[in-house]
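Student: What follows is a protein structure lacking sequence information:
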């Protein structure tokens, strides 16, 4: 059924928040939903909490629960849910985030006005803390709540090459596009940037000027690990950059990609991933954009200059 929405809720160590996430799906004003919940072998009490919830649940929305015995990682866990999904639209919901009550209704209303060239509808979000207190919005807004910045939409390929400007938490995706690209790349440690690059090459994105999701920011949040000394996301980003370079069609696209490559080259240096600095620099050479500042970082890398502690102080 085309109008059916499958929400795939991935849980890992979210025992404090998972019930709020599930209730945010069950409380939607849009009813044609199925909910697939996956616990990725959480060592905390998440699986039991979800199991108890399932025993008591009596509602109109179909809910399925799959507790994994071994940790699979976000990409593989999501792909498992994608194989089970019956909806024509997919939402990838982290178990510490929450949908606003009218989120899916507004997303589907927008999709129904769009043709098949659109793969994704996205919106603004609230960032919240562990106590569910609102911290800020993703996009800049004035004191009256009016959008105060330009948000790319339509053909976003070049903008998304340069910067991950949208929040994956706000997206609803056409299932046929996910199926076409083979779901998430299970060789990567995270999913969103690669999905954006692959889908935006061929499809368009539509922005809803509304706040439809609450995304929780925690000390151990997935995104924050980018800035840690021992993280695997920088290698995955390099792989995505290399795939993007292979499918680029113009000098302008290469220049856009170089913006992100340069940022991650420097981040690799700051977090002392020295072997990646050289690889990012080599990609900048292929893009014909390696400048003298990049070369200085390469020299400092060869000297094994360690700046992580200073970087922590500066960025804190």
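Tutor: Right, received. Where do you want to start? It should be emphasised that the depicted structure is a prediction, and the values quoted were computed from it without experimental measurement.

Student: how many other residues sit next to residue 173?
Tutor: A count of nearby residues for residue 173, using other Cβ atoms under 10 Å, gives 22. Using the backbone N, CA and C atoms, a C-beta is placed for each residue, glycine as well.

Student: quick one: what helix or strand has it in it?
Tutor: strand 172-174 (DSSP states H and E).

Student: what mean pLDDT would you report for that strand?
Tutor: Averaging pLDDT along strand 172-174 gives 98.

Student: Show me what that strand is packed against.
Tutor: Helices and strands touching strand 172-174, by 3 or more Cβ pairs under 8 Å, 6 or more residues apart in numbering; DSSP states H and E, are strand 89-94, helix 103-112, strand 118-128.

Student: Buried residues of stretch 71-86, list them for me.
Tutor: When neighbours are counted by 16 or more other Cβ atoms under 10 Å, the buried residues of stretch 71-86 are found to be 72, 73, 74, 75, 77, 78, 79, 80, 81, 82, 85.

Student: residue ranges for the strands of the stretch 151-300 of the chain, please.
Tutor: Using DSSP state E, counting those that start in this stretch, the strands assigned to the stretch 151-300 of the chain run over residues 172-174, 204-216.

Student: cool, the stretch 1-150 of the chain as well?
Tutor: For the stretch 1-150 of the chain, strands defined by DSSP E, counting those that start in this stretch occupy the ranges 5-11, 33-39, 63-67, 89-94, 98-99, 118-128, 134-137.

Student: contacting residues around the closest residue to residue 4 other than its chain neighbours?
Tutor: Ranked by Cβ to Cβ, 6 or more residues apart in numbering and with sequence neighbours excluded, the top spatial neighbour of residue 4 is residue 87, at 4.0 Å. Residue 87 makes contact with 1, 4, 5, 6, 33, 34, 175, according to Cβ atoms under 8 Å, 6 or more residues apart in numbering.

Student: Could you rerun that using 7 Å?
Tutor: Going by Cβ atoms under 7 Å, 6 or more residues apart in numbering, residue 87 touches 4, 5, 6, 34, 175.

Student: hang on, the earlier thing: out of the strands of the stretch 151-300 of the chain, which is closest to residue 264?
Tutor: Judged by Cβ to Cβ, the one of these that comes nearest to residue 264 is strand 204-216, at 22.3 Å.

Student: Now do the closest one against strand 89-94, angle only.
Tutor: Strand 204-216 runs at 30 degrees relative to strand 89-94, counting by axes from the mean of the first three to the mean of the last three Cα atoms, to 10 degrees.

Student: coming back round to it: kindly reformat the strands of the stretch 1-150 of the chain as TSV containing mean pLDDT.
Tutor: TSV is the format used below for the strands of the stretch 1-150 of the chain (pLDDT from 0 to 100):
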stretch	mean pLDDT
strand 5-11	98
strand 33-39	98
strand 63-67	97
strand 89-94	98
strand 98-99	98
strand 118-128	98
strand 134-137	97
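
Student: will you turn those strands into TSV that also has distance to residue 257 and mean neighbour count?
Tutor: Formatted as TSV, the strands of the stretch 1-150 of the chain follow (distance: least, Cβ to Cβ, whole Å; neighbours: other Cβ atoms under 10 Å):
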stretch	distance to residue 257	mean neighbour count
strand 5-11	29	25
strand 33-39	33	24
strand 63-67	37	16
strand 89-94	24	24
strand 98-99	32	24
strand 118-128	20	23
strand 134-137	28	12
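
Student: Nearest to residue 107, out of those?
Tutor: That would be strand 118-128 among those, by Cβ to Cβ, at 5.0 Å.

Student: where's the closest one relative to the chain centroid, distance-wise?
Tutor: 10 Å (Cα atoms, centre = their mean, to the nearest Å).

Student: swap in stretch 139-146?
Tutor: 23 Å.

Student: So which residues make contact with it?
Tutor: Residues contacting stretch 139-146 (Cβ under 7 Å, 6+ apart): 124, 147, 148, 149, 151.
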